[in-house]
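this one's sequence-less:
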């Protein structure tokens, strides 16, 4: 995983000038940057082991906690008892969550979408939204093919 890619991602896309970087922290950020899906701490730990990096699970937990506090990554609760993590992206997005394999696929809804149809009447009633969660649960393509 390229350090220049990670530096560009942190400094340009996340708008940060300086971030204290350890080998494990860099690996975690890089793994999350390159992943198509949010990853659990166990998935990240297994990736660390596959790269023969020395680290225990508590180090992964500490790094994830620090990265969340530094606003570099998001902690996601996909309603299955496991926290997952992803790089904080500038674009607002949601997730398709597979009930079988628990994979979370990031999606961006188009303008004038379901999200806007829901939010507009709320705002018209004088309510100020500070945040929201809109996730879709179902069966992913891979699990559906196995089932069929």
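Sure, I can see it. Model, not experiment: these values are computed from the prediction.

Find the residue closest to the residue most central in space within the chain in space, skipping its chain neighbours.
For the chain, the residue nearest the mean C-alpha position is residue 86 (2.0 Å; Cα atoms, centre = their mean). In this structure, residue 86 finds its nearest non-sequential neighbour in residue 38, 4.1 Å apart by Cβ to Cβ, 6 or more residues apart in numbering. For the C-beta atoms, the positions are set from N, CA and C on the backbone; glycine is no exception.

Can you get me a residue count around the one you found?
Neighbourhood size, residue 38 [other Cβ atoms under 10 Å]: 24.

doesn't residue 82 make contact with it?
No. Applying Cβ atoms under 8 Å, one finds residue 38 not in contact with residue 82, separated by 10.0 Å.

follow-up on the earlier one: next one: the residue nearest to residue 86 relative to residue 44, how far apart?
Counting by Cβ to Cβ, to the nearest Å, the gap from residue 38 to residue 44 is 10 Å.

Find the helix or strand that residue 27 is a member of.
Per DSSP states H and E, residue 27 falls inside helix 23-34.

Report the secondary structure state of the residue nearest to the centre of the chain.
Assigned with DSSP: H, G, I helix; E, B strand; the rest coil, residue 86 falls in the strand class.

List the contacts of it.
32, 35, 37-39, 73-74, 76, 106 (Cβ atoms under 8 Å, 6 or more residues apart in numbering).
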